[in-house]
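In: I'll drop the sequence and a predicted model, then ask my questions.
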Amino acid sequence: MKGLLIISLVLGLTIIALGLYTAPKLRDYEYMLKRQEEQSKINLRHQGGTSVYFPPNWDKEKDGKFFNYMIHSWDGGKNWYATEYDDEWGIKILGDAKVLYPDLLEYINGMKQLTDYVEKNGSIDGTDSAGIKALENAGFTVVTK
């Protein structure tokens, strides 16, 4: 009986010690998640490549038929900056994205809307006026016969 009491006491103390050890770690993790969620609302980035959108003065023969972009906003999307990585993988700001890449944000938003539309409604045919509008908003020219 004495041995069972000692085992119960040791087990109880172990549980208390574990609680004291994990509680601060859990609070740190919860803080990290909250902070990450807050940051993801204001620190925005679009990065990709396209053969549909090209900035002004883009020469497909000289510059290629594929345009890579990276733009950042650090204020929740109010201001966007064209960026690239420097030699040490830091972010280098090239300038105002709306000036350097006019209509790029509209293209990106149009492609997102098109993707969302197709995921919800399936493929688009020539009779789908909403789908055709989604294609046009993404920068495609739709010719119907």
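Out: Right, received. Where do you want to start? Keep in mind that what you see is a predicted model, and the values were worked out from it rather than measured.

In: Show me the contact partners of the strand or helix carrying residue 108.
Out: Using DSSP states H and E, residue 108 sits in helix 104-121. With contacts defined as C-beta atoms under 8 Å, 6 or more residues apart in numbering, helix 104-121 is touched by 46, 48, 50, 52-53, 55, 69, 71, 80, 97-98, 124, 128, 130-131, 134-135, 137-139. Quick note: C-beta positions are derived from backbone N, CA and C, even for glycine.

In: can we see that at 6 Å?
Out: Residues outside helix 104-121 that contact it (C-beta atoms under 6 Å, 6 or more residues apart in numbering): 46, 53, 134, 137, 138, 139.

In: Downstream of the lowest-mean-pLDDT helix or strand in the chain, the next helix or strand is which one?
Out: Ranking every helix and strand in the chain by mean pLDDT, DSSP states H and E puts helix 2-42 at the bottom, with a mean of 70. Note on helix 2-42: by DSSP H and E, the next helix or strand toward the C-terminus is strand 44-50.

In: and that following strand with helix 104-121, angle?
Out: If you take axes from the mean of the first three to the mean of the last three C-alpha atoms, to 10 degrees, strand 44-50 sits at 80 degrees to helix 104-121.

In: Only the buried residues of the following helix or strand past strand 44-50, if you could.
Out: Counting by DSSP H and E, the element after strand 44-50 in chain order, helix or strand, is helix 60-63. Buried residues in helix 60-63, counted by 16 or more other C-beta atoms under 10 Å: none are found.

In: Return the set of buried residues in the helix holding residue 108.
Out: Neighbour-count burial for helix 104-121 flags 104, 105, 107, 108, 110, 111, 114, 117 (criterion: 16+ other C-beta under 10 Å).

In: can you give me how far that helix is from the chain middle?
Out: Centroid separation between helix 104-121 and its chain, computed with C-alpha atoms, centre = their mean, to the nearest Å, is 14 Å.

In: Can I get that helix as PDB, trimmed to CA atoms?
Out: Extracted in PDB, the C-alpha atoms of helix 104-121 (Å, rounded to 0.1, in the frame of the first residue of the first chain):
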ATOM      1  CA  LEU A 104       0.300  43.600 -63.000                       C
ATOM      2  CA  LEU A 105      -1.800  43.600 -59.900                       C
ATOM      3  CA  GLU A 106      -5.000  43.500 -62.000                       C
ATOM      4  CA  TYR A 107      -3.500  40.600 -63.900                       C
ATOM      5  CA  ILE A 108      -2.600  38.700 -60.700                       C
ATOM      6  CA  ASN A 109      -6.100  39.400 -59.200                       C
ATOM      7  CA  GLY A 110      -7.700  38.400 -62.500                       C
ATOM      8  CA  MET A 111      -5.800  35.100 -62.500                       C
ATOM      9  CA  LYS A 112      -6.800  34.400 -58.900                       C
ATOM     10  CA  GLN A 113     -10.400  35.100 -59.800                       C
ATOM     11  CA  LEU A 114     -10.200  32.800 -62.800                       C
ATOM     12  CA  THR A 115      -8.600  30.000 -60.700                       C
ATOM     13  CA  ASP A 116     -11.300  30.400 -58.100                       C
ATOM     14  CA  TYR A 117     -14.000  30.400 -60.700                       C
ATOM     15  CA  VAL A 118     -12.800  27.200 -62.400                       C
ATOM     16  CA  GLU A 119     -12.300  25.400 -59.100                       C
ATOM     17  CA  LYS A 120     -15.900  26.200 -58.200                       C
ATOM     18  CA  ASN A 121     -17.600  25.800 -61.600                       C
END
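
In: Good, wrapping up.
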